[in-house]
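Asker: Here is a sequence together with a model predicted from it:
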Amino acid sequence: MQTEHLLRQIADIVGTTHVSNSTVDRITHSFDATQRQCLPDVVVHPGSVEEISRIVRLANAERIPVLPRGAGSGFTGGSLPVRGGIVLVLTRMNRILEIDTDNLIAVVEPGVVTGHLQKEVEQLGLFYPPDPASKDFSTLGGNIAECAGGPRCVKYGVTRDYVLGLEVVTPTGAIIHTGGRTMKNVVGYDLTRLFVGSEGTLGIVTRITLRLLPKPEARKTMLVAFESIDGAAQSVSAIIRGKIIPTTLEFMDGSAIDCVRKATTLDLPLACRAVLIIEVDGDRALLDDQAEKILAIIRPLGVLETRVAETAEESEAIWKIRRSVSPSLRNLNPHKFNEDIVVPRSRVPEMIRALEGIASRYGVPIVNFGHAGDGNIHVNVMVDLHQPGMEDKAHQALYEIFRTTVDLGGSVSGEHGIGTAKAPYIGMELDQATLAVMRTIKQALDPNNIMNPGKIFPEEVPAATTGTIAP
Amino acid sequence: MAEQKPLEQYSDELAQCVRCGACQAHCPVYLETGHEGSVARGKIVLAAAVLTGEVGLDERLRQEIGLCLLCGSCVAKCPNHVPTDAIIGAFRRKIAAEQGLSPIGKGVAALTGSKPLLKTLLKGAELLSPLLFKKIPKTSGLRLRFAPAVLKERSLPPIPERSLFARVPEFLQGEETKPIVGVFAGCALTYLYPQVGEILVRLPNSLGFSVFFPKTQGCCGMPALSSGNGTLINTLADANIEAFRTQNVASILTACASCHGMLAGHYAEKAGNPFGAALIDVHVFLAEQGLVDRLAALPRWRQRIKVTYHDPCHLRTAGITRQPRDLLRALPQVDFIEMEDAGLCCGLGGTFTATHPELSRAIGDRKLTGLASSGAEMIASGCPGCILQLQDIVDRAGLPIKAVHTLELIQQALSEPPQ
């Protein structure tokens, strides 16, 4: 179909002010946080589920790709229009429809920013735990598409653990309803879980029913400096073995500490080669006891220094150290391959040692930090792509990283998703039969492959034989 | 002032943006529109696309580049410190240089504009409140903020008869041992709120400083920056730098956040600090001079006012948030209440309110929830532009709240007997 004709038909649905095919709008919707760019043909800001359904029907009839987009802050290309088509930006659908304090439920539209919902429910003494680093700008629709995680997941679980029900526009334009408003519900297949983490390839989420918790009364933050990563990693296992699940158990390895040290003044002993940031939450009366128990467990494991925040400001100062890692990475090298592998908690020390080996073998700095408590490591391969051959080298290093991850019983993505960035590696983790089931589901729901095409599934060439990637 | 850097020389800064999207959480315009082109990341991608020739300076592009308050919030919060405000300044200068100034931009250009243009502007001025406009020079950014279309439906303070220049001498002698401080008042404190400007001049003098308030100073140039008029920015900057040259001032005080942002930030962008004297916001100066302790030592009033504080973007992004609050908390006649979203932009944004009145109001109205629930009777701030806008916001909402400059409350504490 001609773009002009398509534009007119979409304008009939959403109104002329909410659709554009200007070069400017196409450019401003051509990217996400992967820094890749692919131009869409049309950008639409729909206002209701009915509008979305009609646009999808039109697109399905005309075989035009449809790309749902929230904040466009994904790290794996989930919202990139790799085959052009219609970008459906859901930021207009940003209403919190209901906060039910009797049943601890919130009903929201997909364009609501996660941090905004958190603020609203916390004012009512409630709590929505998933806290991706992007929570102040990423949307709940996007969080559901990617099944976002965050530091608090150690104790509270990830996005999927809080989604009770969804309204979804399927790739053929049908409006369906999954799950409901109750914790217990075993009627039919659990389609809610199928859609959470489906990266916008199976449909467009237009309404979300979320489970809330009572807000913990207080929290306590501690920073523990270790002389080695082994001590820090052993501490993680020891804490969990001690039957304590902290709210967060974040770690920074030696290279991450070096980065922060170069960028800012860091008040840590020079001998410190690893840091754990441990937070516990719950009833105020129990927190001191919990913190003391944790410190007693880890004290024999090479602890150089312990800092327990007594005030909100001191807690903030500790978190500031963790948050300053990402921005300081650029001082190492201009380009970053930001991976989010996850291994069973007990394998974290092995994984870190393997990463150190890979870094020295390829001569590329690898900075590691992240959610040690659930084995989710943010691996940052820092390179200068202007150097000849560096891209190949980086991909070879990444290949080895993913290989080791899978060998240790882990997964190539804990919370960022597959998108385009990790599609070549999916075959390392999923066997052919499993992948075939996933493809069957995709085909059944999206016979014309219009819904966010070119994502998740490797195209044609199996991962291990892709030219630049295999060693 | 040295020539400003053209957009073409910003490619390194453009490459600094990793498209993470963090700016979305802090952009007052994006929070209203939800459009990627409104926010820093989108504009940076557009700037890069203009430099590669992927897109021209078409109307849609000019619209998107127009949608920026130059508040600097995105810059302050950017993990990679991308100087989006400077990039937008360069972008607008490029658009103005290649396509001419917008109607609003032409208004700003009165000083260096052609004679016929000057005449047109004078005609425009006749339509306005003569009281206001006879006193305001054609070079002042205020003329744009109070163009007839903007004046409609807006609360305005009563316009004072005498401007600040008529109220205070150019030089006030202080103690021999204390240095001379300069005062840069800016248009709003000179013409619209001269009573506040007067405090800015006299208070340092009462602390023993000699004060130099050169009458040859003019508009800081923020509206010229906003409309992309590079020539006018230079002319105004040169005049202001020259104005302070005749006295050896240790520092130059401002009580307008936008003037501070312009003089301390944008003038320095390429030329370093051309004044050769530190530019200090008056709150920071007074806190340094021990005024917090002095105010706290005064007997508490029995009848106190509940006061909250609004962070002007150009102070907040310069990291000046503590000193105004410390001063307010110390005031004997004030019960200070922190309000929610104190750091949200008021939406005035220099000429933004003239170019996008509805959006400007919508951005400002986001302050209402926090303001209303704070229970404050007064809202203090450190920028006359914000004060003007805040009064308009509360008046339209029918809230019985008065917007004041922090200096007015300080002056009251120092001069009035306890009540």
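Answerer: Arrived safely, thanks for sending. Residues are numbered from 1 along each chain as shown, chains lettered A, B, ... in the order given.
Asker: mind listing what the closest residue to residue A:81 other than its chain neighbours touches?
Answerer: Distances taken as Cβ to Cβ, 6 or more residues apart in numbering or on different chains place residue A:40 nearest to residue A:81, at 3.9 Å, with adjacent residues excluded. Any C-beta I mention is one placed from the backbone N, CA and C, and that applies to glycine too. Counting by Cβ atoms under 8 Å, 6 or more residues apart in numbering or on different chains, residue A:40 touches A:26, A:29-30, A:67, A:81, A:84-87.
Asker: Flag the shaky bits of the stretch 51-200 of chain B, pLDDT-wise.
Answerer: B:104, B:107-159 (pLDDT under 70).
Asker: To clarify, my last question referred to the stretch 351-471 of chain A.
Answerer: Scanning the stretch 351-471 of chain A for pLDDT under 70 picks out the ranges A:460-471.
Asker: Any residues of the stretch 1-150 of chain A in contact with chain B? List them.
Answerer: Neighbours of chain B within the stretch 1-150 of chain A, by Cβ under 8 Å from any Cβ of the partner chain: A:20, A:22-25, A:27-35, A:37, A:45, A:71-73, A:89, A:91-92, A:94, A:111, A:113, A:115, A:134, A:136-138.
Asker: now those: which count as buried?
Answerer: A:20, A:22-25, A:27-34, A:37, A:45, A:71-73, A:89, A:91-92, A:94, A:111, A:113, A:115, A:134, A:136-138 (16 or more other Cβ atoms under 10 Å in any protein chain shown).
Asker: In strands, which of the residues you listed fall?
Answerer: Mapping those onto strands (DSSP state E) picks out A:20, A:89.
Asker: Give me the secondary structure label for the residue nearest to residue A:81.
Answerer: Following DSSP: H, G, I helix; E, B strand; the rest coil, residue A:40 is assigned to coil.
Asker: Name the single longest helix found in the chain.
Answerer: All of this is about chain A. With secondary structure taken from DSSP state H, chain A has its longest helix at helix A:390-407.
Asker: could you do chain B instead?
Answerer: The residue-count maximum for a helix in chain B (DSSP H) belongs to helix B:84-99.
Asker: is chain A contacted by that helix?
Answerer: No - counting by Cβ under 8 Å from any Cβ, chain A is not contacted by helix B:84-99; separation bottoms out at 12.7 Å.
Asker: Output that helix as PDB, nothing but the C-alphas.
Answerer: Coordinates of each C-alpha in helix B:84-99 appear next as PDB, following Å, rounded to 0.1, in the frame of the first residue of the first chain:
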ATOM      1  CA  THR B  84      21.700  19.600  25.200                       C
ATOM      2  CA  ASP B  85      21.000  23.200  26.200                       C
ATOM      3  CA  ALA B  86      24.100  24.400  24.300                       C
ATOM      4  CA  ILE B  87      23.300  22.100  21.400                       C
ATOM      5  CA  ILE B  88      19.700  23.500  21.200                       C
ATOM      6  CA  GLY B  89      21.200  27.000  21.300                       C
ATOM      7  CA  ALA B  90      23.500  26.200  18.400                       C
ATOM      8  CA  PHE B  91      20.600  24.500  16.600                       C
ATOM      9  CA  ARG B  92      18.400  27.500  16.900                       C
ATOM     10  CA  ARG B  93      21.300  29.800  15.800                       C
ATOM     11  CA  LYS B  94      21.700  27.700  12.700                       C
ATOM     12  CA  ILE B  95      18.000  27.800  11.900                       C
ATOM     13  CA  ALA B  96      17.900  31.600  12.400                       C
ATOM     14  CA  ALA B  97      21.000  32.100  10.400                       C
ATOM     15  CA  GLU B  98      19.800  30.000   7.400                       C
ATOM     16  CA  GLN B  99      16.100  30.800   7.500                       C
END
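Asker: Could you name the helices and strands sitting against it?
Answerer: Helix B:84-99 sits against helix B:11-16, helix B:40-52, helix B:59-66, helix B:73-77, helix B:222-226, helix B:230-243, with contacts defined as 3 or more Cβ pairs under 8 Å, 6 or more residues apart in numbering or on different chains; DSSP states H and E.
Asker: Mind listing what's buried along that helix?
Answerer: By neighbour count with 16+ other Cβ under 10 Å, helix B:84-99 contains the buried residues B:84-96.
Asker: now what about the helix or strand bottoming out on mean pLDDT in chain A, what contacts it?
Answerer: In chain A, no helix or strand scores lower on mean pLDDT, DSSP states H and E than helix A:325-328, which sits at a mean of 82. Residues from elsewhere that reach helix A:325-328, judged by Cβ under 8 Å, 6+ apart: A:133, A:252, A:256, A:259-260, A:262-264, A:367, A:369, B:79-81.
Asker: starting at the chain centroid, how far to the longest helix of chain B?
Answerer: Relative to the mean C-alpha coordinate of its chain, helix B:84-99 is positioned 19 Å out (Cα atoms, centre = their mean, to the nearest Å).
Asker: now swap in stretch A:333-342 and tell me
Answerer: Centre-to-centre, stretch A:333-342 and its host chain are 13 Å apart (Cα atoms, centre = their mean).
Asker: Enumerate every residue touching the closest residue to residue B:228 other than its chain neighbours.
Answerer: For residue B:228, ignoring the flanking residues on the chain, the nearest one in space by Cβ to Cβ, 6+ apart is residue B:92 at 3.0 Å. By Cβ under 8 Å, 6+ apart, the residues touching residue B:92 are B:65, B:225-228.
Asker: neighbour-wise, which of those residues leads?
Answerer: residue B:225 (32 neighbours; other Cβ atoms under 10 Å in any protein chain shown).
Asker: pretty sure that residue is touching residue B:91, no?
Answerer: No - in this structure residue B:225 lies outside contact range of residue B:91 using Cβ atoms under 8 Å: 11.5 Å.
Asker: Just list what the strand ranked longest in chain B packs against, helices and strands only.
Answerer: As assigned by DSSP E, the longest strand anywhere in chain B is strand B:305-310. If you count contacts as 3+ Cβ pairs under 8 Å, 6+ apart, strand B:305-310 packs onto helix B:322-330, strand B:334-336, helix B:368-374, strand B:378-381.
Asker: The last one pairs with which strands, parallel or anti?
Answerer: Strand B:378-381 has the following sheet partners, assigned by DSSP bridges: strand B:305-310 (parallel), strand B:402-405 (parallel).
Asker: export that strand as CSV, just CAs?
Answerer: Below are the C-alpha coordinates for strand B:378-381, written out as CSV (Å, rounded to 0.1, in the frame of the first residue of the first chain):
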residue,chain,number,x,y,z
MET,B,378,3.4,31.7,50.3
ILE,B,379,5.7,30.2,47.8
ALA,B,380,9.2,31.7,47.6
SER,B,381,11.6,31.4,44.8
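Asker: How far off centre is the helix or strand following it?
Answerer: Toward the C-terminus, strand B:378-381 is succeeded by helix B:384-397 as the next helix or strand (DSSP states H and E). How far helix B:384-397 lies from its chain's middle: 14 Å, per Cα atoms, centre = their mean.
Asker: residues of helix B:384-397 that come out buried?
Answerer: Applying 16+ other Cβ under 10 Å to helix B:384-397 flags B:384-394 as buried.
Asker: Looking at the residues you listed, which one is closest to residue A:408?
Answerer: Distance to residue A:408 across these (Cβ to Cβ) is lowest for residue B:386, with 55.6 Å.
Asker: May I have the predicted confidence score for that closest one?
Answerer: In the prediction, the pLDDT value recorded for residue B:386 is 95.
Asker: got the contact list for it?
Answerer: B:257, B:310, B:312, B:346, B:348, B:403.
Asker: let's see 6 Å
Answerer: Taking Cβ atoms under 6 Å, 6 or more residues apart in numbering or on different chains, we find residue B:386 in contact with B:310, B:312, B:346.
Asker: Kindly provide the distance from it to residue B:74.
Answerer: Distance, residue B:386 to residue B:74, by Cβ to Cβ, to the nearest Å: 18 Å.
Asker: if we can go back for a sec, point out the ones among the residues of the stretch 1-150 of chain A next to chain B that are inside helices.
Answerer: Using DSSP H, the subset of the residues of the stretch 1-150 of chain A next to chain B located in helices is A:23-25, A:27-28, A:115.
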